[in-house]
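Novice: using only what follows, build the 3D model:
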Amino acid sequence: PGQIIRQEVALEAKRMLAHTDLTAAEIGYHLNFEDPSYFGRFFKKETGLSPTAFRNHIRGKYHNILSTV
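Specialist: This is a model prediction of the structure:
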């Protein structure tokens, strides 16, 4: 059960990083993390990327797709 909850929290964080301009700290607070650095460590452990690196990667990917259309 804990793994499923962590996966869902990470998925919501990914959605928010991709589709909002909220900072990683704001997203962490929204997802009930009291410490922004703990949220960053949690996210990196679950996804392999820091929140900022994930946002840059996903937005760069979408930018490349949109610029080829």
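
Novice: tell me where the protein has helices.
Specialist: According to DSSP state H, the chain carries its helices in the segments 2-19, 24-30, 36-47, 51-68.

Novice: lowest average confidence across those helices, which one?
Specialist: Taking each of the helices of the chain in turn, the lowest mean pLDDT turns up on helix 51-68, with a mean of 82.

Novice: winner for burial among the helices of the chain?
Specialist: Comparing those on average neighbours per residue, with mean count of other C-beta atoms under 10 Å, the densest one is helix 24-30 at a mean of 18. No exception for glycine: its C-beta is placed from N, CA and C like everyone else's.

Novice: pull the residues that contact stretch 23-33.
Specialist: 9, 12-13, 16-17, 20, 22, 35-36, 38-40, 42-43, 50-52, 55 (C-beta atoms under 8 Å, 6 or more residues apart in numbering).

Novice: any idea how far that stretch is from the chain center?
Specialist: Between the centre of stretch 23-33 and the centre of its chain there are 10 Å (C-alpha atoms, centre = their mean, to the nearest Å).

Novice: then stretch 25-44?
Specialist: Mean C-alpha position of stretch 25-44 versus that of the full chain (C-alpha atoms, centre = their mean) differs by 9 Å.

Novice: over to stretch 4-22?
Specialist: Offset of stretch 4-22 from its chain centre (C-alpha atoms, centre = their mean): 5 Å.

Novice: can you check stretch 53-64 too?
Specialist: Here stretch 53-64 shows a centroid-to-chain-centroid distance of 12 Å under the convention C-alpha atoms, centre = their mean.

Novice: many thanks, I have nothing further to ask.
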